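[1] Quick one: sequence plus predicted model below, questions after.
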Amino acid sequence: DAKTTQPNSMESNEEEPVHLPCNHSTISGTDYIHWYRQLPSQGPEYVIHGLTSNVNNRMASLAIAEDRKSSTLILHRATLRDAAVYYCILRGLNSGGSNYKLTFGKGTLLTVNP
Amino acid sequence: DAGVTQSPTHLIKTRGQQVTLRCSPISGHKSVSWYQQVLGQGPQFIFQYYEKEERGRGNFPDRFSARQFPNYSSELNVNALLLGDSALYLCASSPGALNQPQHFGDGTRLSIL
């Protein structure tokens, strides 16, 4: 499985934007970039995913570098409820390989200060 | 709509016992996956089932088994429990087997004494 690298922890202030980085230098052409987050005492929650173009949804934005070797999850206005572990995961397009599963690393622990 | 539901929420067992964990997927979802999350680590993939067939298996011993029923619910069985099996067991469902977002339940906390 292609690996991702994320900072162990980050800190933000409430109502400020947060940029969570992820490096994936060995990404293949068919790998999608997925982001999940896990709030305390809950299961992981899907946030967003993309392939090449930047993506937006109601939760966040995903900015993908032109060479696709890195990406950034953007929370536009952090709230206390956004405090969680954020996981950046690569998933292949084809039916073989790692497509059917999510390979989690340790993720980034985001702390939001009031 | 109801999300993924898992039962029980907490369970205490002793070494050598057997345990069965249950998962009901989101209505309309045909794929169920199981993950184990040890404290301080990210979830680790155990199994995926789609249309009642095993489609993927992670690096877990044969003591771990699972099945999916005609209504797409699923059970995870663990035999001969070890202390190291203490973990949060997560179930996730998705509409199909391939590259689609997975929706997780809040897990079953299994403690082995």
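    Everything's here; your move.
[2] For B:Ala66, name its beta-bridge partners.
    B:Leu76 (DSSP bridges).
[3] Could you do A:Ala63 as well?
    Legend: beta-bridge partners of A:Ala63 under DSSP bridges are A:Thr72.
[4] Number of residues surrounding it?
    The tally of other residues near A:Ala63 (other CB atoms under 10 Å in any protein chain shown) stands at 16. All C-beta atoms are positioned from the backbone trio N, CA, C, and that covers glycine.
[5] Could you pull up the contacting residues of it?
    Neighbouring residues of A:Ala63 by CB atoms under 8 Å, 6 or more residues apart in numbering or on different chains: A:54, A:71-72, A:74.
[6] What distance do you get for it to chain B?
    With distances taken as CB to the nearest CB, to the nearest Å, A:Ala63 is found 19 Å from chain B.
[7] So that residue versus B:Ala80, what's the distance?
    48 Å (CB to CB, to the nearest Å).
[8] what's the answer for A:Asn8, then?
    A:Asn8 is 35 Å from B:Ala80, by CB to CB.
[9] Quick check on those two: which one has the bigger neighbour count.
    Neighbour count, other CB under 10 Å: between A:Asn8 and B:Ala80, B:Ala80 has more, with 12 against 8.
[10] Skip the chain neighbours and tell me the closest residue to the more buried one.
    Leaving aside its sequence neighbours, B:Ala80 sits nearest to B:Arg63 (CB to CB, 6 or more residues apart in numbering or on different chains; 5.3 Å).
[11] likewise A:Glu15?
    Distance criterion CB to CB, 6+ apart; nearest residue to A:Glu15, sequence neighbours excluded, is A:Arg77 at 5.2 Å.
[12] Can you show me the helices along chain A?
    Taking DSSP state H, chain A contains no helices at all.
[13] Can you pull out the low-pLDDT segments for it?
    The model of chain A has pLDDT under 70 over residues A:1-2, A:93-99.
[14] Pairing partners for the residue nearest the centre of chain B in the sheet, please.
    Nearest residue to the geometric centre of chain B (CA atoms, centre = their mean): B:Trp34, 3.2 Å. On the basis of DSSP bridges, B:Trp34 is bridged to B:Phe47, B:Cys91.
[15] Noted, bye for now.
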